[in-house]
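S.K.: pasting the structure only:
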Ligand SMILES: Cc1cc2nc3c(=O)[nH]c(=O)nc-3n(C[C@H](O)[C@H](O)[C@H](O)COP(=O)(O)O)c2cc1C
């Protein structure tokens, strides 16, 4: 909590923008746009960029660039930005990924990270001829996958692992990833909100990524994940990232009107199609508690429930919310925008300075603050 709040942005490496709406979105999924955006982002307070992985058109995104290749290219085009590439266990072999990341980490001087996503789109797996495991089995596989990555990256010599999904025997990785002070190995993020995802967040991943949530929805997850972390053998404490779609405007009315227009112009068939597809996520679990299980039509117009975080209004209003999420345990806010390039600049110029001021006030007011 003593550390400044960190910021990440969603790399728009899929077409169609971050909201499924016909409202104008000044963004582009191509590399030229993304290269400039990454450079702008690292100069405007962003420490991380998260590349998404989709293998097939879904939810209005007709074209998509693969996440690991794209992340590496962005890492090479920047100097300080850390790039997080989404990867699916089941599609990647952990040893191959461990090797790929080690090389990419050297190419970027220790700035490569992964987001382990367990998969929600069954059509994607079946189209590629891959078996589709039941929800909690997918997370059990992800748990092993992360442990294998850690074992390979940190073991001194032959890595060993024997699990239900993966076996590694005397695997020697040379070179190991870059030795970055305070980082035992390339960071491992994990996206997902179900009971199984929370367990993995607390026990094996470095970062737990939450979908967009209101204050209580976020706190409730933090508490549960920290509960798992208490009894786990961890190299470092678990950290929390929270998704939010930011609409920062000089006036509150302008920001609210923009949200209204996004929803009014929603691409209904695509949103409804998405609602059907995500039944394979939280809703397919015994306790029906995962991501999207209780999302409304409006929520789903931003596919990671980003409106729920309510980072919508003036810079001052947004900074207040950011600080409250920090009080509740957020280490990082993951942001999406309508017009990426210009709004990332607006964030750096108008929102970030107020966040930093309010953080200093918070530290003076509540110096002992840990998670509330
Ligand atoms: C921040 C974040 C990023 C994600 N990125 C991807 C992605 O790039 N590709 C993907 O297939 N799923 C992605 N997911 C989906 C998750 O891996 C998971 O399938 C989904 O959150 C459902 O989780 P649940 O079943 O635990 O509720 C992401 C989730 C979050 C929260």
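M.R.: Sure thing, it's come through. These figures come from a predicted structure and were not determined experimentally.
S.K.: can you pull the buried residues of stretch 160-178?
M.R.: Neighbour-count burial for stretch 160-178, with 16 or more other CB atoms under 10 Å as criterion, is recorded at 161, 165, 166, 168, 171, 173, 176, 177, 178. Using the backbone N, CA and C atoms, a C-beta is placed for each residue, glycine as well.
S.K.: and the two most separated of those residues?
M.R.: Greatest spatial distance among these (CB to CB): 165 and 178, at 28.0 Å.
S.K.: from residue 309, how far off is the nearest residue to residue 66 once chain neighbours are set aside?
M.R.: Spatial nearest neighbour of residue 66, chain neighbours left out: residue 53 (6.9 Å); criterion: CB to CB, 6 or more residues apart in numbering. Note on residue 53: its distance to residue 309, by CB to CB, to the nearest Å, is 22 Å.
S.K.: the two: which has the busier surroundings?
M.R.: Applying other CB atoms under 10 Å to residue 53 and residue 309 shows that residue 309 carries more neighbours, namely 30 against 23.
S.K.: contact partners for the more buried one?
M.R.: Counting by CB atoms under 8 Å, 6 or more residues apart in numbering, residue 309 touches 212, 213, 214, 218, 242, 243, 244, 245, 321, 325, 333.
S.K.: before we move on, which element is the fifth one in?
M.R.: Pointing back at residue 242 there. Counting by DSSP states H and E, the element that carries residue 242 is strand 239-245.
S.K.: now for the very next helix or strand once past that strand, which elements pack on it?
M.R.: Later in the chain than strand 239-245, the nearest helix or strand by DSSP H and E is strand 247-248. In this structure, strand 247-248 makes packing contacts with helix 252-264, strand 312-313, judged by 3 or more CB pairs under 8 Å, 6 or more residues apart in numbering; DSSP states H and E.
S.K.: go with 10 Å
M.R.: Judged by 3 or more CB pairs under 10 Å, 6 or more residues apart in numbering; DSSP states H and E, strand 247-248 is in contact with helix 252-264, strand 312-313, helix 315-327, helix 340-346.
S.K.: what's the next secondary structure element after the third one?
M.R.: Going down the chain from helix 315-327, the next helix or strand is strand 332-336, by DSSP H and E.
S.K.: can you give me the helices for this structure?
M.R.: Remark: helices assigned in the chain by DSSP state H are 31-42, 67-77, 94-107, 122-127, 135-154, 195-203, 215-230, 252-264, 268-277, 297-300, 315-327, 340-346, 352-365.
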